[in-house]
Each structure stands twice: as structure tokens, then as C-alpha cells.
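Participant: Starting from these lines, generate the structure:
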Amino acid sequence: MKQTTRRCAVVAGAAAAAFGIAVGPASAVPSTTWTVTPTGTYTATNSGNIVLTAAIPMTCTTSGASGTMSNATGNPAQVASINAINFGTAASPCTSILGNVTTVAVTPWTIMATDYDAATGVTKGYVGNIKANVTAGACKFTVTGKASGTYTNSTGILAVNSVAGELVVASSPAPSNCGSVITTATKPTFKGNYAVKSSSGAIPKIVGSNP
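Facilitator: Numbers count the residues shown, from 1 in each chain. Purely as a prediction, here's the structure:
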């Protein structure tokens, strides 16, 4: 019986090798040390439209953010804060089928890093601690949660690309004058690219490692 069991184990191992199946853990060790160059203040400007969708798309042609970047440890780790972010301006407001859209962010938001690909220089993570009060026409509601995204060292682009379920419409305060269009069951998404530059004008670099 023992010989039969050993034979089965050998056969199974050979089959796994033949099909390229990894026996045991194959994933890379997640980064726990994050080095940001340079640290300090930064600004970010939209590259293309920024779109918040909560049952209906709300599009901004102008958006900007500012905050600080710093080295960090842990996973996830906070590599930056968003101390101010605006959506639209008086001259170029965000728009929707309900009318012009005003979004007032309640900051600070956070930029959290979770994974780093040294081959591409791309950090995966999310924008966290999001809270924003949105007015679209007469409809008013509050969005909270997080939004997945990536940061690419070669371009300095923070690409926000949330998936349904990461952001929610808050129940307190409850949506008002929104009818059945936007309710607490609505699952908003936040998508758009931001070009990031340090106070010196350089493109910041984020590198994750596991010493």
C-alpha cells in the first residue's frame, strides 16, 4: 500500500511538472517597504475626462489634486495623501443629464500601495478614505469608500479605475431629491487619469521591495 501511495505521488508530481503547474506557493512576496522619490508635496492634473458614475455618468473635463508623498512600510501602505481635490470649475463645470454637477471632497483621502511590478514600474493600490458630497441638479447624495488604481513611474499617471462595490452612496445623509435614480443601493464608480508632478516638476517614482 505504501509503495502504491508513493507511486501515485510520483505520478502526480510528474503530471504537475508536465503541465507547468507549480507545486507549492508560486506568488511573489508582497512589498512591505515603499520608497518614494522625491518625497514632499505634489500636484496632479487630469489627463482626459474624469467620470463619476452613479446610475448616470457625471463627467468632469477639469480636475486637480494636491497633497504629500512619503516613504512607507507595510502592506497596504500609505504612500501619499490627497489633501485637496476639485472636480470642475465655475467656467468648466462637471455635467450630467440631471444638470451641472458640484462635487465637494471631504479630505484627506489616502493613496495606498499594495503591489509593485519591478519590470513595468507599476504600483497597484487604491485611493482610500474617499468621501464626497455630490449635487447633480436638485439631487444631492454622498459617496464614500475607495477606488482601485495604478501608478506608473515612467509616465507619472495615477489611473483611477474603481469597480462596482468599492464606493457606496451613504445612508447618512440619505440621498435627497434623487427619486429612484440614485439610492443607497446604487454602486458608484470613479474613473480617470491624473498626471502627477512633484513640487520640483519631476515625476515621482514609487518603488516597492521586501528586504
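Participant: Find the least confident helix or strand in this protein, judged by mean pLDDT.
Facilitator: Lowest mean confidence among the helices and strands of the chain (mean pLDDT, DSSP states H and E): helix 2-18, at a mean of 39.
Participant: mind checking how far the following helix or strand past that helix is from the chain centre?
Facilitator: Using DSSP states H and E, the next helix or strand after helix 2-18 towards the C-terminus is strand 33-37. Counting by Cα atoms, centre = their mean, to the nearest Å, strand 33-37 is centred 18 Å from the centre of its parent chain.
Participant: Direction included, what does strand 33-37 pair up with?
Facilitator: strand 72-73 (antiparallel), strand 205-209 (antiparallel) (DSSP bridges).
Participant: That one - what's its average pLDDT?
Facilitator: Computed over strand 33-37, the mean pLDDT rounds to 98.
Participant: just stretch 152-160 next, same as before
Facilitator: What stretch 152-160 shows for mean pLDDT is 98.
Participant: Tell me which residues touch residue 158, please.
Facilitator: For residue 158, the contacting residues are 44, 111, 149, 150, 151, 193, 194, 196, by Cβ atoms under 8 Å, 6 or more residues apart in numbering. For the C-beta atoms, the positions are set from N, CA and C on the backbone; glycine is no exception.
Participant: how about a cut-off of 7 Å?
Facilitator: Applying Cβ atoms under 7 Å, 6 or more residues apart in numbering to residue 158 gives the contacts 44, 149, 151, 194, 196.
Participant: Show me what the helix or strand harbouring the last one is packed up against.
Facilitator: So that's residue 196. Assessed by DSSP H and E, residue 196 sits inside strand 189-198. Strand 189-198 sits against strand 40-46, strand 50-54, strand 157-161, with contacts defined as 3 or more Cβ pairs under 7 Å, 6 or more residues apart in numbering; DSSP states H and E.
Participant: Tabulate these (CSV), appending distance to residue 64.
Facilitator: Shown next, in CSV, are those (distance: least, Cβ to Cβ, whole Å):
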stretch, distance to residue 64
strand 40-46, 5
strand 50-54, 10
strand 157-161, 12
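Participant: Tell me which of the ones you listed sits nearest to residue 81.
Facilitator: The closest of those to residue 81 is strand 40-46. By Cβ to Cβ, the value is 9.9 Å.
Participant: pLDDT below threshold where in this structure?
Facilitator: 1-28 (pLDDT under 70).
Participant: what about 90?
Facilitator: The chain contains residues with pLDDT under 90 at 1-29, 211.
Participant: Now do the nearest residue to residue 73 once chain neighbours are set aside against residue 130, distance only.
Facilitator: Nearest non-adjacent residue to residue 73, counting by Cβ to Cβ, 6 or more residues apart in numbering: residue 33, 5.7 Å away. Going from residue 33 to residue 130 by Cβ to Cβ, to the nearest Å gives 26 Å.
Participant: These two: who's more crowded?
Facilitator: Ranked by neighbour count (other Cβ atoms under 10 Å), residue 33 and residue 130 place residue 130 first, with 24 against 16.
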